[in-house]
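Visitor: Can you look at this prediction? I've put the sequence above it.
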Amino acid sequence: MSLKALKWIVNLCKIEGTESLECEVDDLECPSSEELISEYSTDNETEYRFLEFDVEIDMKNLQLEVGKIFRSLDEFKDAVWHYGVMNRFNIRFKVNDPKRVHVVCKLGSKWRVWASKINNSSTKQIKSFTP
């Protein structure tokens, strides 16, 4: 398992003072949480980490979820389009500007995704998702 995959697993959890992580992957020894996220947190601080979308890993089994971060608007749109094709949704980009995106099902189901820009960066984050 790569370090990137381990970071993805760590991001799923709220880590609060644990010495090591328990892994259930064929006797894999996981590095301590301090080794994986020490550059992002201090001793007295609890951080909530959001998953960052990775094209190589996530496109094979794409899961949209609130909080997921995309590097750019194009990456978000490609991922949502791919998700729509995989799950047989006929999607439409209802609001599509540089700051926010609202994607809905063309056929009128309640499926929808809202994403918006994070601060002054080009990254987008899913703010709400109705499957």
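Guide: Arrived safely, thanks for sending.

Visitor: Can you tell me the number of residues neighbouring K110?
Guide: Other residues near K110 come to 8 when the count uses other C-beta atoms under 10 Å. Just so you know, the C-beta spots here come from the backbone N, C-alpha and C atoms, and that holds for glycine as well.

Visitor: Can you give me the distance of it to F89?
Guide: 11 Å (C-beta to C-beta, to the nearest Å).

Visitor: Please apply the same query to K106.
Guide: Note on K106: its distance to F89, by C-beta to C-beta, is 8 Å.

Visitor: More neighbours: those two, which one.
Guide: When K106 and F89 are compared for neighbours, F89 comes out ahead with 19 against 12, by other C-beta under 10 Å.

Visitor: And the nearest residue to that one once chain neighbours are set aside, how far from V85?
Guide: On the basis of C-beta to C-beta, 6 or more residues apart in numbering, the spatially nearest residue to F89 that is not a chain neighbour turns out to be C105, at 5.4 Å. For C105, the distance to V85 equals 13 Å [C-beta to C-beta].

Visitor: What's the end-to-end length of stretch 49-62?
Guide: Across its full length, stretch 49-62 reaches 19 Å between end residues, using C-alpha to C-alpha, to the nearest Å.

Visitor: so what are the domain limits for this protein?
Guide: Domain assignment for the chain by automatic domain parsing gives 3-37, 55-130.

Visitor: weakest of those by average pLDDT?
Guide: Taking the mean pLDDT of each of the domains of the chain, the lowest value is held by domain 3-37, a mean of 49.

Visitor: I'd like the next helix or strand past the helix ranked longest in the chain.
Guide: The helix that spans the most residues within the chain, counting by DSSP state H, is helix 73-86. Per DSSP states H and E, helix 73-86 leads on to strand 91-96 as the next helix or strand towards the C-terminus.
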